[in-house]
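Novice: Next one to model:
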Amino acid sequence: MSAAFATLLSLVSAVVVAFVAHRLADRRARGNELASMRLKAYGDFLQAASRLIAARRLGKKNDELEELAALNDAKARICVCAEAAVVEALADFWLAGGTLEREEEILAFKRLCVQMRESLGNRRHDVAMLRLSDTLFRLEPSAFSFRTDRSAVSKSSQQGAAADASPTRG
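Specialist: Residues are numbered from 1 along each chain as shown. A predicted model of the protein is given here:
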């Protein structure tokens, strides 16, 4: 009887191990697929939002239907597959205005980015060392400004070119 019992125990153990291994592999595959969906949704949202925000900053008031559709699609995917903290941060950013024109909106966007990073596995406070605000919101190098009068820049560069072209007395 003990040999039959050992054989039966071995078979049951093998079935249980196979079942548990299958469940764990299935769970891992779903987790990887969810993480991939999140990453794609986050990237698509950031890209679409950046395009609309840049257009608004340049004075373009008419929204393109495709840009709005891409933004809303990405927002919907975030609402479906992201963690609750990311969805809440997205809602806060959107309710604040979603244009990055006021400080409240900028802070809400930074919180959204931090929550997205956390949901992808990064630690919360590792962002403090990255100077995230400078990276996100300094749109041009510090020596350049879109607000500079173009004609003044053009005149000064022409004057510089004329000075370089004039013969020097030696």
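
Novice: mind checking the SS state of Leu100?
Specialist: Remark: Leu100 carries the secondary structure label coil [criterion: DSSP: H, G, I helix; E, B strand; the rest coil].

Novice: heads up, I number from 684, so please use that
Specialist: From this message on, residue numbering opens at 684, which makes the last subject Leu783.

Novice: my guess is it meets Ile789, correct?
Specialist: Yes: at 5.5 Å, Leu783 counts as touching Ile789 under the criterion of C-beta atoms under 8 Å. No exception for glycine: its C-beta is placed from N, CA and C like everyone else's.

Novice: So which of those two has more stuff around it?
Specialist: Remark: of Leu783 and Ile789, Leu783 carries more neighbours, 23 against 18, as counted by other C-beta atoms under 10 Å.

Novice: Helices of the chain, start to end?
Specialist: Along the chain, counting by DSSP state H, helices occupy 685-740, 748-764, 767-779, 786-802, 815-820, 833-848.

Novice: Kindly reformat these as JSON lines containing mean pLDDT.
Specialist: What follows is the helices of the chain, written out as JSON lines (pLDDT from 0 to 100):
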{"stretch": "helix 685-740", "mean pLDDT": "88"}
{"stretch": "helix 748-764", "mean pLDDT": "90"}
{"stretch": "helix 767-779", "mean pLDDT": "94"}
{"stretch": "helix 786-802", "mean pLDDT": "88"}
{"stretch": "helix 815-820", "mean pLDDT": "68"}
{"stretch": "helix 833-848", "mean pLDDT": "50"}
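
Novice: what's the most buried one of the ones you listed?
Specialist: Comparing the helices of the chain by mean neighbour count (mean count of other C-beta atoms under 10 Å), helix 786-802 ranks first with a mean of 19.
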